[in-house]
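> Turn this into a structure:
(one chain, ligands or ions: 2)
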Amino acid sequence: MARKNLDALASQPLEGLRALVRVDFNVPLKDGRVTDATRIEAALPTIRWLRERGCRVVLLSHLGRPKDGPDPRYSLAPVANALESALGIPIAFLADPTADDAPRATKQLRRGEVALAENTRFYPGEERNDRALAARFAALGDFYVNDAFGSAHRAHASTEAVAHLLKPAVAGFLMARELAYLGQALEQPARPFVAVLGGAKISGKIDVIEHLLPRVDEVLIGGAMACTFFKALGLETGTSLVEPDRVDMAKGLRERAGAKLVLPSGAVVAQALAPDAPTRSVARDGIQPGWAMYDVDEATRNDFGTRIGRAKTVIWNGPMGVFETPPFDAGTLAVARALAEATEQGAVTVVGGGDSAAALSAAGLSEAVTHVSTGGGASLEFLEGKTLPGVAALDDA
Ligand code: ADP
Ligand code: MG
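Ligands and ions are numbered 1, 2, ... in the order given. Prediction:
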């Protein structure tokens, strides 16, 4: 599903036009300050490109999950401050982008100036994908750019309906990058193509496994997810996190996948989840009652490392263990390093999922892979093969 990118507008006269840009500024706040500006920085290439072309830039974003209308705790005003620092220019704040005089305020912006609108979720129509609200948003711009990949799996007024009302409607650079890397991996991967899946629950990733299986050469399974597969093998899993209602599903998947599905050969187990808890390294058929798997063992780390090292395309989603509690971060770190090495050898490596991205960042390896997806839920749905409404609504390439 190729979509028109901002690049496609490069030859058109954009000078003076108002670019309405949906960004994902759903950033963490503490005491009225942005504590992690990664998502703001991710949108800068699109904002800068538009400013350089003389556009007036009007930004829309949601923040958190305000329940009943405007709630100062979820105001984007602190984000405007962080954006001012990032861009080095004053930012106009539209306290009510749905007000009758809001379009006039955007027309009063000068070329290259930037305005940020208040939280789209303050308005009840946003999550209902309401057309009337979308029309109010559309009145704030002369064309539409969606750079909020992380929100593209939701059909909301600021991501979906508005894209039908304001044309052209194109993908921003961040969105385009996400679609290019994730899309290329799924549609024309250089082989071998290896997926590494982990995390807490098999239930949340079953559709990803299903969609990836026919496309990949191997799926390496780690995390607590592996324990549900162990159970399906009839093994003792002790107090490991197992989803009993998914054991049959795991059995079926394993039978269909054959040798493509690679499970850990062993586990690092403990009786309690604590940094100082005594640990043991056991083969996967050696987990004892009262003990839980919190990480993959060294043999598995080496095995996964070898398989990732052979790959030309790698997608990684979900940590291999409880990486938040060392020493159970070893498996996750090993996968992060293996991806970095594979990238150095020329492989395309893509990391999706909030926790995996956090682990990668903690290891200082975010720059060492080809692409880190900014959209947790959106990248999962993409990998499940679902159509993202925010993407589908953009103009065909
Ligand atoms: P992502 O955000 O990258 O998609 P998930 O949210 O699916 O990843 O899973 C991350 C969580 O999985 C982490 O909090 C981690 O502690 C947990 N996890 C991984 N392995 C295990 C395990 N063996 N037992 C319990 N929890 C685990
Ligand atoms: Mg997560």
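
> what's the weakest-modelled helix or strand in the chain?
For the chain, counting by mean pLDDT, DSSP states H and E, helix 376-383 ranks last in confidence among helices and strands (a mean of 90).

> Val194 in helix, strand or coil?
Under the three-state scheme (DSSP: H, G, I helix; E, B strand; the rest coil), the conformation of Val194 reads as strand.

> helices and strands around the least confident helix or strand of the chain, which ones?
Contacts of helix 376-383 with other secondary structure elements, assessed using 3 or more Cβ pairs under 8 Å, 6 or more residues apart in numbering; DSSP states H and E, are made with helix 173-187, helix 206-212, strand 313-317, strand 348-352. Backbone N, C-alpha and C define where each C-beta goes, glycine included.

> element containing the residue in the chain that ligand 2 sits nearest to?
Ligand 2 sits closest to Asp355 of the chain, with a gap of 4.1 Å, by Cβ to the ion. When secondary structure is defined by DSSP states H and E, Asp355 falls within helix 354-362.

> Arg39 now?
Assigned by DSSP H and E, Arg39 falls within helix 38-52.

> for that helix, what is the average pLDDT?
Averaging the model's pLDDT scores along helix 38-52 yields 96.

> Give the next helix or strand downstream of that helix.
As assigned by DSSP H and E, the chain's next helix or strand after helix 38-52 is strand 56-60.

> name the helices or strands packed onto that next one?
For strand 56-60, the packing partners by 3+ Cβ pairs under 8 Å, 6+ apart are strand 18-22, helix 38-52, strand 114-117.

> which residues sit against the second one?
Put plainly, it is helix 38-52. With contact meaning Cβ atoms under 8 Å, 6 or more residues apart in numbering, helix 38-52 is reached by 6, 14, 19, 21, 23-27, 34, 57, 59, 79, 82-83, 86-87, 112, 114, 145, 147, 150, 172-174, 374.

> Of those residues, just the buried ones, PyMOL syntax please.
Under the burial definition 16 or more other Cβ atoms under 10 Å, those of the contacts of helix 38-52 that qualify are selected in PyMOL by:
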select buried, resi 6+14+19+21+23+24+25+26+27+34+57+59+79+82+83+86+87+114+145+147+150+172+173+174+374
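
> Let me know how buried the residue in the stretch 101-250 of the chain positioned nearest to ligand 1 is, in neighbour terms.
The stretch 101-250 of the chain approaches ligand 1 most closely through Gly199 (2.4 Å), counting by Cβ to the nearest ligand atom. For Gly199, the number of neighbouring residues by other Cβ atoms under 10 Å comes to 18.

> cool, the one 4 residues further on as well?
Around Ser203 sit 13 other residues, with neighbours defined as other Cβ under 10 Å.

> wait, what's in contact with it?
Applying Cβ under 8 Å, 6+ apart as the definition, the contact partners of Ser203 turn out to be 243, 246.

> ok, now which ones touch Lys107?
When the contact criterion is Cβ under 8 Å, 6+ apart, the partners of Lys107 are Arg18.

> Oops, could you answer that again for Arg177 instead?
Taking Cβ under 8 Å, 6+ apart, we find Arg177 in contact with His371.

> where's it relative to Glu384, distance?
When Cβ to Cβ, to the nearest Å is the yardstick, Arg177 and Glu384 sit 20 Å from each other.

> still on that earlier bit, tell me the buried residues in the helix holding Arg39?
Going by 16+ other Cβ under 10 Å, helix 38-52 has these buried residues: 39-40, 42-44, 46-47, 49-51.

> Contact partners for Ala378?
If a contact means Cβ under 8 Å, 6+ apart, then Ala378 has 149-153, 178, 388 as its contacts.

> Repeat the analysis, applying 7 Å as the threshold.
For Ala378, the contacting residues are 149-150, 152-153, 388, taking Cβ atoms under 7 Å, 6 or more residues apart in numbering as the criterion.

> now it, nearest residue through space, not along the chain?
Distances taken as Cβ to Cβ, 6 or more residues apart in numbering put His153 closest to Ala378, at 4.3 Å, once the chain neighbours are dropped.

> repeat for Pro192
Computed as Cβ to Cβ, 6+ apart, the closest residue to Pro192 that is not its neighbour in sequence is Asp217, at 4.3 Å.

> how many neighbours does Val58 have?
In terms of burial, Val58 registers 26 neighbours under the definition other Cβ under 10 Å.

> So it is in contact with Arg18, correct?
Yes: A contact is recorded between Val58 and Arg18 when judged using Cβ atoms under 7 Å, the distance being 5.8 Å.

> All the strands of the stretch 101-250 of the chain, in order from the start?
Along the stretch 101-250 of the chain, counting by DSSP state E, counting those that start in this stretch, strands occupy 114-117, 143-146, 169-171, 193-197, 218-221.

> Point out the one among these that comes closest to Phe323.
For those, the distance to Phe323 is smallest for strand 193-197, at 13.5 Å, taking Cβ to Cβ.

> can you list the domain ranges for this protein.
6-175, 189-383 (automatic domain parsing).

> Would you mind naming what in the stretch 251-397 of the chain lies close to ligand 2?
354-355 (Cβ under 5 Å from the ion).

> How about the residues of the stretch 251-397 of the chain by ligand 1?
Contacts of the stretch 251-397 of the chain with ligand 1, taken as Cβ under 6 Å from any ligand atom, map to 293-294, 317-319, 321-322, 324, 353-356, 376.

> In PyMOL, select just the buried ones from those residues.
Selecting in PyMOL just the buried members of those, where the criterion is 16+ other Cβ under 10 Å, is done with this command:
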select buried, resi 293+294+317+318+319+321+322+353+355+356+376
